[in-house]
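**Q** my questions concern the predicted model and sequence given below.
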Amino acid sequence: HLKTKKRKNIVKERDHLKKNDINLVIKRGDDICIKDINLFFECYINTIDKKWSIAYLKHSFFDQLLKSTIKKKIVLIQAFQKNTFVGCSLHFIGKENLYGRYWGCLKEIPFLHFELCYYSAIEFAIKNNLKKVEAGAQGEHKISRGYLPNLTYSNHWFNNEVLSKPIKEFLT
């Protein structure tokens, strides 16, 4: 349902990466090893630092994913420029959906985010008969890349008596 201009723009973005020797490797489940998680975590921290955010997930969290049954549901999309690792995205397979949440890069490359988080994720979902790709909340840039806006339910609990009351009063 994308208009011609938007379709052409997607092709242009993807071609830009090919012309810059960006190759993708998709790993799933048991194909993912600790070296892959280490590279991913390096990207995660780099992205957190760039956005002045907080790394609320520690390396041990991702390490534990590899040791759990969830590992079978992990999809890691890695990007290499020539043979040098430059970035990746982490996704989880649900019953009918592919859930994308985390991504990061070690080198700023135009359109890499869109390739890792959207285009390659959509291709993976199609090839694996998944009905939908959930790319997370926020971002008008998603609409021009094939995603439609949806209402999202969010539930938060604050384990802090000092903050809980004023937040509740504000939201009420």
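**A** Right, received. Where do you want to start? Numbers count the residues shown, from 1 in each chain.

**Q** just how off-centre is the helix or strand harbouring Gln78 within its chain?
**A** Here Gln78, judged by DSSP states H and E, is contained in strand 74-81. A distance of 10 Å separates the centroid of the chain from that of strand 74-81, by C-alpha atoms, centre = their mean, to the nearest Å.

**Q** could you do stretch 57-76 as well?
**A** 14 Å.

**Q** and that stretch, which residues are buried?
**A** Within stretch 57-76, the residues scored as buried using 16 or more other C-beta atoms under 10 Å are 62, 65-66, 73-76. Heads up, the C-betas are built off the backbone N, CA and C, glycines and all.

**Q** what's the first-to-last distance across it?
**A** 17 Å (C-alpha to C-alpha, to the nearest Å).

**Q** which residue ranges of the chain form strands?
**A** Applying DSSP state E to the chain gives strands spanning 22-28, 74-81, 84-93, 97-105, 132-134.

**Q** packing partners for the shortest one?
**A** Contacts defined by 3 or more C-beta pairs under 8 Å, 6 or more residues apart in numbering; DSSP states H and E place strand 132-134 against strand 97-105, helix 120-127.

**Q** thanks again, I'm all set now.
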